[in-house]
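S.K.: no sequence on this one, just coordinates:
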């Protein structure tokens, strides 16, 4: 899977750890859909767009993991 990073105020949001964590735990997007993560949110995650803290918490609960297993924030080297 190719991920795209989007600059948000000097930070880069990257949800590639989410897809790795899901693969490692054998959890599908269908499982997330059936447990409260809607298709619009999945699309936002695929496109590395902002999500709410509530959604991040829900993902952590569903995947039994920490935010570090879902998202990476890296500094934008252009500043």
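M.R.: Done, it's in. Since we're looking at a predicted model, the values are computed, not measured.

S.K.: helices along this structure, start to end?
M.R.: 16-25, 29-34, 39-46, 53-63 (DSSP state H).

S.K.: closest to residue 69 out of those?
M.R.: helix 16-25 (4.5 Å; CB to CB). Glycine gets a C-beta too; all of them are placed from N, C-alpha and C.

S.K.: just want the angle from the closest one to helix 53-63.
M.R.: Put simply, helix 16-25 runs at 20 degrees to helix 53-63, going by axes from the mean of the first three to the mean of the last three CA atoms, to 10 degrees.

S.K.: find the centremost residue of this structure, please.
M.R.: Centrality entry for the chain: nearest residue to the mean C-alpha point is residue 15, 3.8 Å, by CA atoms, centre = their mean.

S.K.: my guess is residue 35 contacts residue 59. True?
M.R.: No. The criterion here is CB atoms under 8 Å, and residue 35 misses it with residue 59 at 9.9 Å.

S.K.: comparing the two, which residue is more hemmed in?
M.R.: The residue with more neighbours, out of residue 35 and residue 59, is residue 59; 26 against 12, by other CB atoms under 10 Å.

S.K.: gap between the more buried one and residue 17?
M.R.: According to CB to CB, to the nearest Å, residue 59 stands 11 Å off from residue 17.

S.K.: shared neighbours of these two, anything?
M.R.: Counting by CB atoms under 8 Å, 6 or more residues apart in numbering, the contacts common to residue 59 and residue 17 are residue 70.

S.K.: distance of residue 71 from residue 34?
M.R.: Separation of residue 71 from residue 34 (CB to CB) stands at 22 Å.
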